[in-house]
Structure formats: structure tokens, C-alpha cells
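Q: Okay, predicted coordinates and the sequence, questions at the end:
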Protein chains: 2
Amino acid sequence: MTVISLPDREPGQSRYGALASALRARVIAGEWPPGSALPSEQTLASEHGVALGTLRRALELLEHQGLIERLHGRGTFVRAGLAGASMMRFFRFGDRSGEVPHSHILSRKTAVLPAAAARALGLAPGEAALKLRRLRSLGGEPCLLEDIWLPLPLFESLAAGEPSGWSDLLYPLYAERCGVHVHRAVEDIGFDRLIAADARQLGLSAGHPCAKVIRQAFDLAGRCVEHRVTRGDAHAFHYTVSIT
Amino acid sequence: MTVISLPDREPGQSRYGALASALRARVIAGEWPPGSALPSEQTLASEHGVALGTLRRALELLEHQGLIERLHGRGTFVRAGLAGASMMRFFRFGDRSGEVPHSHILSRKTAVLPAAAARALGLAPGEAALKLRRLRSLGGEPCLLEDIWLPLPLFESLAAGEPSGWSDLLYPLYAERCGVHVHRAVEDIGFDRLIAADARQLGLSAGHPCAKVIRQAFDLAGRCVEHRVTRGDAHAFHYTVSIT
DNA sequence: AAGTGGTCTAGACCACTCT
DNA sequence: GAGTGGTCTAGACCACTTG
């Protein structure tokens, strides 16, 4: 049994804190890919030369951070990532809540990043990226229009093939086809007016008020892997947030 | 030393889970008022006849639920409640973030609850409540208009006295004057158009698009103690949310 | 110095899942 | 039944705050 020694801990840092960082690094490095199981607690504890309780403390931390998931009797797993449906949790359109809107890809192309998208993705403006434009509908009625920017070459495998068969949720697709697991996201909700081209897609008139949700999605390592702008009729839009 | 026995636990419930519920009940019953300290871990553990570790587990739960706060070397305290400023955490108006807008009470009266407010507060429509109307400003510019409904007789002490001396944050006032501690809130964000009376207060024209934030605020026991509708210029409004 | 919460350990036993 | 995580205990020692 090889004992993996902990890195020197800064004064004031607990052993389980340092241990959690070490394990987090191993997860991010891909030692245990998303969805797979970590070794058992016993194994990890003796690997790192700590008591079981200390190891469990570290795993608790990682679980609270959303990095891993522990299933009684089964094991400890690296979280597979956000489903994409969980993004709609707080999002409501008209009366229909909980439903995942149907999705139709309007266009897909490689394009030069505009300044805002580049900033969000942490890339230089002018770099090439994959741009998707999606129309989403509820009950046959178009309700949301999305402009999605994806960095290349990470998402190269989405540039080929027929997008009409893609699922309504993109994040499982990112995971399957590109090995990208969306782990966290930040949304900014604002207000705007529709330009003519967007209005046409949504069956509204140019200048119509719209809700504008700008999202950055991040992977396990904290890299921004998606920049998305979603627009929909301001009057049908609702967003619910819980504050503690 | 009197030992407080735990209520019979349902099969499958852990001892620390039951213990947490018991302690939560004692907090809600007011045995230790918000801001005050609980007995020490040692004391609580022997009071309930459990090991220290088990008691600590229970306190951990309550801490995660936001009911208590533990300060190293000082003690365990019942959380005093949301400051009110924390509500603005995700809220941004123009460039100014973090600033608490100055507040001016436009009106205060006892009025009959309209249906929506009654539903939010869990009361019957037609019951009397205290209604506040506030204008909030940043840098001298009016930016937000609030309609606030407070149940009576709980907030009776706010019906008298001069409101011009009230602080910009209402929640500390609720705590001090009415013993009401806001502990959790739910906000619904939507968009609307300003009616003429509201537009005038905000220095905008009738029909101008506005963001509309409807908030329910709850106390420790889970009662809704405030229903608030906030409106502001849609074009200056931003709201940021983090999703995990 | 006394009192508080925080860390760490070691071990027994329980509950769940899979085969 | 073997292997996993979950609970509970008892005790030593550390770190922070207060008087």
C-alpha cells in the first residue's frame, strides 16, 4: 500500500481541508472521470494515512461543494454534471412550469467571437468559436430564442453531423460528445427589446420587450465552457429565487 | 442534571436528526431568542443524553439550515435573521452595486388586503393589514418603488410613531420593534409596465417597462411575515443568480 | 485560566446494495 | 455474504475568545 502524503498544509488549515483539496485535484485531473466511482473510504483513508473519520470529513466537504455524490451501500461517485433541466428550475413561462421546452436548431456555424462572448469565455476577441442558434417551444408555441457560443476545438465534434437529432437538453450532449461536464452556472437576468430578426422567430414584433438571460456555464475545473444568451417575451417570463 | 429524552424516532431516522428537530423546536418556541447563545455543546449533549459527537452532528444540521451560527471560542447563537441588505446581493441597478439605496416612506396606512397579498401572507382577503409605500433612491435618483404588506396585529407597533426616522433597511426594524426576524425569502422576478401613479414617483412615463420583484419573507417558524412588490426601470435592472 | 467550539483518532455496530 | 457508506461513541488534544 502506497501512502500518498498530504501536501504541507498552511498553518490553520485542517487535515481534512488539505485532504479535500488533494482529492479535488485528483478528480479534476481526471483520475476518476465524472460518473465513475472513487475508491472506498477505507482505501482512501489508508492511502492518505488518515483516520476514517478524517477522510469522511473531507468527502463531506466535496459533497457539499457538489463535486461528488455518495450513495449508501453503493459508493462515492464523481458528479456527472448539471442536467440542463435543472437550469429551468427557477424559470417559468406563462403557466407551464417544469416542462422542458422542445428545441429546434436554427443555425450552426463557426464564427469569430464578439467582445462580450470572448470576455465571458475567457478568450481573446476575434478567436473562432462554434455558434448555435436555437428556438425553443412550449406546446408548439415558440417562447425562447438562444444564442450559444462554444469554444473550439473543445466542441469540435458538434460542428459535424446532423443537429436535428440532438436532444432538447444540450448538457448531456456536451458530456457524451465532447467530454464536457457542466458543473456550475451563473445567470444574469436583464431586460431588452427584440431586434427585428429575433422578433420574427418568436412571432413578436420588432422592439417588443424581452427578458434577456445571460449565462456562463463552467466545468469541474472552473473553466467557462459555454456563453449563452436567452431571450423571450418579457410579459410571459418569470424567475423564482430563494434567499437564505 | 435533567435529561431531556428524545421523542420516539421514526424508524430510519438518525439520533442526530431527531435531536436536531428537537433543538429546532426549542429555538422556534423562543427558548433561546434570535441573537442569543445556546448552552454549550457539553451541556446540551448531557441534557439530551447523547455523545458529544452526536450533538455536534445535530448542530451542524441546524447550522446548514441557517437556523444557528457557531463561532469558534464564543459559542452557538440563534441567527438574528437576514439583514435586508443581503436581499440586494443579486440585485444591481445601473452601475451601483452593493450600495443600499436611501429610503423614503411615501405612505403608511391600514388597509384591506387585496387577494394576491392575502394569498401570499396566508390570510383571508379582506383582512386588515399595514401597507407601506416606499421610494428608494441611489445617488439622489429615485430607482425603486415598493409596496409592502404587513400582517396585523403583529406589526402594530409600526402603525404609530414617525416613520421618517426609520432606517433604510426594514428588517432590523422589524426585529427591534416587532420581534419579527426574517429568516428566509422567496422572490419572483417578472416584467410589467408602470401605471401612471407609479411612473410619476420614479420620474418615468406611464406604460414604461419595469422589472417587478414579488417577495415573500418568512420568519423562523415558516410564517410569511411580509409581502412586498418592488418595481424599477426595466432597463436599469439586473439580477444575478448562481446555479449548482 | 477557564470556557467555548474545532480537529483527529479508533473502534463498534447499523443499513443499504449487489451478486 | 461481502462490500459499501452511515451512525454513534469516548476521549485526547488544539485553537480561539474572554475575563
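A: Thanks, I have it.

Q: Which strands and helices lie in contact with the helix or strand of chain A with the lowest mean pLDDT?
A: Ranking every helix and strand in chain A by mean pLDDT, DSSP states H and E puts strand A:91-93 at the bottom, with a mean of 77. For strand A:91-93, the elements it packs on are strand A:237-243, judged by 3 or more Cβ pairs under 8 Å, 6 or more residues apart in numbering or on different chains; DSSP states H and E. Just so you know, the C-beta spots here come from the backbone N, C-alpha and C atoms, and that holds for glycine as well.

Q: Just checking: what are the partner strands of the strand it packs on?
A: Paired neighbours of strand A:237-243 in the sheet (DSSP bridges): strand A:91-93 (antiparallel), strand B:182-193 (antiparallel).

Q: where's it relative to the chain centroid, distance-wise?
A: Centroid separation between strand A:237-243 and its chain, computed with Cα atoms, centre = their mean, to the nearest Å, is 19 Å.

Q: do the same with stretch A:138-146
A: Using Cα atoms, centre = their mean, the offset of stretch A:138-146 from its chain centre is 22 Å.

Q: about what we covered before: can you list the residues that contact the least confident helix or strand of chain A?
A: For strand A:91-93, the external contacting residues (Cβ atoms under 8 Å, 6 or more residues apart in numbering or on different chains) are A:101, A:138, A:143, A:144, A:213, A:232, A:236, A:237, A:238, A:239, A:240.

Q: How about stretch A:70-85?
A: Against stretch A:70-85 from outside (Cβ under 8 Å, 6+ apart): A:27, A:32-38, A:40-41, A:59, A:63, A:66-69, A:100, A:169-172, A:175, A:181-185, A:217, A:219-220, B:243-244.

Q: Taking those, please make a PyMOL selection of just the buried ones.
A: Selection of buried members from the contacts of stretch A:70-85 for PyMOL, criterion 16 or more other Cβ atoms under 10 Å in any protein chain shown:
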select buried, chain A and resi 27+32+34+38+41+59+67+68+169+170+171+172+175+181+182+183+184+185+217+219+220
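
Q: The contacts of stretch A:70-85 in helices, which ones?
A: Among these, the ones falling in helices (DSSP state H) are A:27, A:41, A:59, A:63, A:170, A:171, A:172.

Q: Farthest pair within those?
A: Taking Cβ to Cβ as the measure, these span a maximum distance of 35.0 Å, between A:41 and A:170.

Q: Quickly, which of the strands paired with strand A:237-243 bottoms out on average pLDDT?
A: Mean pLDDT per stretch puts strand A:91-93 lowest among the strands paired with strand A:237-243, at a mean of 77.

Q: Pull the distance from that one to the chain's centre.
A: 19 Å.

Q: Kindly report the same for stretch A:108-118.
A: Its chain's average C-alpha position is 19 Å from that of stretch A:108-118, according to Cα atoms, centre = their mean.

Q: Restrict it to CA atoms and write it as CSV.
A: Extracted C-alpha coordinates of stretch A:108-118, given in CSV (Å, rounded to 0.1, in the frame of the first residue of the first chain):
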residue,chain,number,x,y,z
ARG,A,108,-24.9,26.3,-36.5
LYS,A,109,-21.7,27.9,-37.7
THR,A,110,-18.1,28.7,-36.9
ALA,A,111,-17.8,32.4,-36.3
VAL,A,112,-15.5,35.0,-34.8
LEU,A,113,-16.2,35.7,-31.1
PRO,A,114,-17.6,39.2,-30.4
ALA,A,115,-16.1,41.0,-27.5
ALA,A,116,-18.8,40.1,-24.9
ALA,A,117,-18.8,36.4,-25.6
ALA,A,118,-15.0,36.4,-25.7
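
Q: what pLDDT, on average, does that stretch get?
A: Stretch A:108-118 comes out at a mean pLDDT of 96.

Q: cool, and stretch A:212-230?
A: Here the average pLDDT along stretch A:212-230 is 96.

Q: ends of that stretch, how far apart?
A: Stretch A:212-230 has its terminal residues 6 Å apart, counting by Cα to Cα, to the nearest Å.

Q: buried residues in that stretch?
A: Applying 16+ other Cβ under 10 Å to stretch A:212-230 flags A:212-220, A:224-230 as buried.

Q: which one among those residues gets closest to DNA strand C?
A: Ranked by distance to DNA strand C (Cβ to the nearest atom of the strand), the buried residues of stretch A:212-230 are led by residue A:220 at 24.1 Å.

Q: Name all residues that make contact with that closest one.
A: If a contact means Cβ under 8 Å, 6+ apart, then residue A:220 has A:27, A:28, A:34, A:67, A:81, A:181, A:183 as its contacts.

Q: DNA strand D versus that one, what's the distance?
A: From residue A:220 over to DNA strand D the distance is 19 Å, taken as Cβ to the nearest atom of the strand, to the nearest Å.

Q: Over to residue A:121?
A: Look at residue A:121 and DNA strand D: by Cβ to the nearest atom of the strand, they are 36 Å apart.

Q: what's the answer for residue A:234, then?
A: Taking Cβ to the nearest atom of the strand, one finds residue A:234 at 44 Å from DNA strand D.

Q: Surely that residue touches residue B:191?
A: Yes: between residue A:234 and residue B:191 there is a contact at 3.9 Å, judged by Cβ atoms under 8 Å.

Q: Now do the shared contacts for those two.
A: A:191, A:209, A:211, B:209, B:234.

Q: Quick one: which of the residues you listed is the most crowded by neighbours?
A: Within those, most neighbours by other Cβ atoms under 10 Å in any protein chain shown means residue A:211, with 26 neighbours.

Q: so what strands line up beside the helix or strand containing that residue?
A: Remark: residue A:211 resides in strand A:209-219, with elements defined by DSSP states H and E. Strand A:209-219 sits in its sheet next to strand A:182-193 (antiparallel), strand A:224-233 (antiparallel), going by DSSP bridges.

Q: wait, residue A:41 sits on residue A:55?
A: Yes: in this structure residue A:41 lies within contact range of residue A:55 using Cβ under 8 Å: 5.7 Å.

Q: Next, work out how far apart residue A:64 and residue A:186 are.
A: 19 Å (Cβ to Cβ, to the nearest Å).

Q: Could you tell me how many residues sit around the closest residue to residue A:221 other than its chain neighbours?
A: Distance criterion Cβ to Cβ, 6 or more residues apart in numbering or on different chains; nearest residue to residue A:221, sequence neighbours excluded, is residue A:28 at 5.0 Å. Residue A:28 has 14 neighbours, counted by other Cβ under 10 Å.

Q: Check what pLDDT residue A:28 gets.
A: The predicted local confidence for residue A:28 is 95.

Q: one step back: quick check: the two most widely separated of the buried residues of stretch A:212-230?
A: Farthest apart among the buried residues of stretch A:212-230 - using Cβ to Cβ - are A:212 and A:220, which lie 28.0 Å from each other.
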